[in-house]
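S.K.: sequence below, structure please.
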Amino acid sequence: MEKKIRDIMVPAGEYTAIAADASFKDAVGLMKKSFCPKEGEPCTGHSTLLVFDNNMLVGLLTLDDLLKAIEPQYLKGKTYRGWTVDTAWSIPVFWEGLFTDRTYEAIDKKVSDIMSDVEFRVDADDALIKAVYGMGKQKILILPVMEEGRVVGMVRSIEIFREICELVLGEEASVLSLNNIINSKQPAATLLKQS
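M.R.: Numbering: from 1, shown residues only. I've put the predicted structure just below:
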């Protein structure tokens with residue numbers, strides 16, 4: 001019998017929540033605690049924050065959203081910091097210090113301005129294929145799982161992948177972590193043959 005989403009979801013309590021009106025700086029601090037809880041060790045926690053407004057899930061804030069908040073904007077024909085950019089520019093210009101400037105400019109942005117809206121949700125008793133559809137439709141790798149109008153978990157692409165492995169390979173497949181490959185003195189192809 002095929003599993004339901006509730007069988008593979010990660011409980012919502014394992015994720016960190018943030019208010020929609022919190023700042024970029026607040027979000028960076030919470031994501032660091034969630035994703036990289038121990039200084040000097042690999043970041044292996046959750047890199048998604050659940051964004052709430054009035055006790056309702058309104059969005060997800062991912063590492064990708066934080067990066068988009070500081071990425072250089074397309075400047076063609078615009079004014080940036082008092083300079084009018086020539087309309088002949090067709091790509092952003094990258095200069096030393098731009099990363100620092102863009103990061104400091106983002107500090108006071110609100111989470112609601114940089115989060116990904118939740119456009120697709122799945123129910124805990126839905127079939128796995130509905131999560132596959134939702135991830136493809138929204139072009140994201142994580143979806144909220146609902147039950148009786150509240151968030152009870154998150155389903156990620158990695159859980160879907162594990163189910164694919166189980167079906168295709170006939171058993172739970174061992175997936176090499178990037179750390180195993182990096183820390184090994186053997187070529188990745190050798191490690192794959194051993195697994």
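S.K.: so what's the residue count around the residue lying closest to residue 156 once chain neighbours are set aside?
M.R.: Sequence neighbours aside, residue 142 is the residue nearest to residue 156 in space, at 4.8 Å (criterion: C-beta to C-beta, 6 or more residues apart in numbering). C-beta here means a position set from N, CA and C on the backbone, and glycine is covered the same way. By the measure other C-beta atoms under 10 Å, the count of residues near residue 142 is 22.
S.K.: again, but for residue 145
M.R.: Neighbours around residue 145, by other C-beta under 10 Å: 23.
S.K.: now the one 10 residues further on
M.R.: Neighbourhood size, residue 155 [other C-beta under 10 Å]: 27.
S.K.: surely residue 11 is in contact with residue 152?
M.R.: Yes. Assessed by C-beta atoms under 8 Å, residue 11 is found in contact with residue 152 at 7.2 Å.
S.K.: compare these two (neighbour count), which wins?
M.R.: Set residue 11 next to residue 152 and count neighbours by other C-beta under 10 Å: residue 152 wins out with 17 against 11.
S.K.: just the pLDDT at the more buried one, thanks.
M.R.: Per-residue pLDDT puts residue 152 at 96.
S.K.: kindly report the same for residue 94.
M.R.: On the pLDDT scale, residue 94 gets 70.
S.K.: tell me how far it lies from residue 123.
M.R.: 44 Å (C-beta to C-beta, to the nearest Å).
S.K.: not counting residues beside it along the chain, what's closest to the residue nearest in space to the middle of the chain?
M.R.: Central residue of the chain (C-alpha atoms, centre = their mean): residue 62, 3.5 Å from the mean position. The shortest distance from residue 62 to any non-neighbouring residue, by C-beta to C-beta, 6+ apart, is to residue 48 (5.1 Å).
S.K.: how about the contacts made by the one you found?
M.R.: 15, 60-63, 142, 154 (C-beta atoms under 8 Å, 6 or more residues apart in numbering).
S.K.: now the residues you listed in CSV, with distance to residue 33?
M.R.: Compiled in CSV, the contacts of residue 48 are given as follows (distance: C-beta to C-beta, whole Å):
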residue, distance to residue 33
15, 12
60, 17
61, 13
62, 16
63, 14
142, 18
154, 17
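S.K.: name whatever forms a beta bridge with residue 147.
M.R.: residue 150 (DSSP bridges).
S.K.: double-check it against residue 121; I have them as touching.
M.R.: No. Applying C-beta under 8 Å as the test, residue 147 and residue 121 come out as separate, 10.5 Å apart.
S.K.: my read: the residue nearest to residue 156 touches residue 154, true?
M.R.: Yes. With contact defined as C-beta under 8 Å, residue 142 and residue 154 form a contacting pair (5.6 Å).
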